[in-house]
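Enquirer: no FASTA, just this:
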Ligand SMILES: OCN(O)CCCc1ccccc1
Ligand code: NI
């Protein structure tokens, strides 16, 4: 199983390198890696396992964070209605998005960033994502709320972008145009 020892930290070149498209159909190795990524995210949200293995809770993970420069992400998060969004995806792509933006009033964190970096991270409020799941099926997702935020955070990782790149350097908590804070 993956642990925090497998997660590279800010400053590691993999976090700033655009990741490569996964050749489909995916190899058994790539499927194994992606399944382990989703398992890590689920484990990190299990208090017993997180405690036992020293896992920092996370709602997503991108392959560059485990030093695999491939376009693979895992997400395991509930929206504000309690719907579960649990996905292990190859080559996710945002094909359209709202003009309206959204942000988490408490800011964001990252398993690859050990310190807190305060500030609003402006994201699109709604996105449409296409991808191929770990079973090889093409999927299209229309996302809003926290799931939309997480997917953007993970897809940023595939493009070498970190959450704090989006924070206003002059005033981290400056008002964001056309944006609503997620409750
Ligand atoms: O890349 C995954 N990761 O570092 C774990 C935290 C993910 C995350 C945290 C806050 C808002 C959106 C996404
Ligand atoms: Ni992250």
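Expert: The structure has been received and is ready for your questions. Predicted, not measured: the structure shown is a model, and the values here were computed from it. Ligands and ions are numbered 1, 2, ... in the order given.

Enquirer: all contacts plus neighbour counts: C-alpha atoms, from now on.
Expert: Will do.

Enquirer: all strands for this protein, in order.
Expert: In the chain, the strands defined using DSSP state E lie at 60-62, 72-78, 84-97, 101-103, 123-124, 126-133, 138-144, 179-181.

Enquirer: Among those, which comes closest to ligand 1?
Expert: Of all the strands of the chain, the one in closest proximity to ligand 1, counting by Cα to the nearest ligand atom, is strand 60-62 (4.1 Å).

Enquirer: Ligand 1 contacts on this protein?
Expert: 58-62, 108-112, 149-150, 153-154 (Cα under 6 Å from any ligand atom).

Enquirer: Determine which two of the residues you listed are furthest apart.
Expert: Spatial extent of the residues of the chain next to ligand 1 (Cα to Cα) is set by the pair 112 and 149 at 17.1 Å.

Enquirer: Determine how far the last residue of stretch 57-65 lies from the first.
Expert: 15 Å (Cα to Cα, to the nearest Å).

Enquirer: Could you pick out the longest helix of this structure?
Expert: Secondary structure assigned by DSSP state H gives helix 28-44 as the longest helix of the chain.

Enquirer: if I look at the closest residue to residue 167 other than its chain neighbours, how far off is residue 105?
Expert: In space, and not counting its chain neighbours, residue 167 is closest to residue 121: 5.3 Å by Cα to Cα, 6 or more residues apart in numbering. Per Cα to Cα, residue 121 is found 9 Å from residue 105.

Enquirer: what about the two, which has more around it?
Expert: residue 121 (25 against 14; other Cα atoms under 10 Å).

Enquirer: May I have the residues that are in contact with that one?
Expert: Residues near residue 121 by Cα atoms under 8 Å, 6 or more residues apart in numbering: 103, 104, 107, 108, 163, 164, 166, 167.

Enquirer: Pipe these into CSV and attach pLDDT and neighbour count per row.
Expert: Below are the contacts of residue 121 laid out as CSV (pLDDT from 0 to 100; neighbours: other Cα atoms under 10 Å):
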residue, pLDDT, neighbour count
103, 98, 23
104, 98, 18
107, 98, 18
108, 98, 19
163, 98, 22
164, 98, 20
166, 98, 14
167, 98, 20
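
Enquirer: Correct me if wrong: residue 37 contacts residue 58.
Expert: No - applying Cα atoms under 8 Å, one finds residue 37 not in contact with residue 58, separated by 11.0 Å.

Enquirer: out of those two, which sits in the more crowded spot?
Expert: residue 37 (26 against 18).

Enquirer: give me every residue that touches residue 86.
Expert: Residue 86 neighbours (Cα under 8 Å, 6+ apart): 74, 75, 76, 77.
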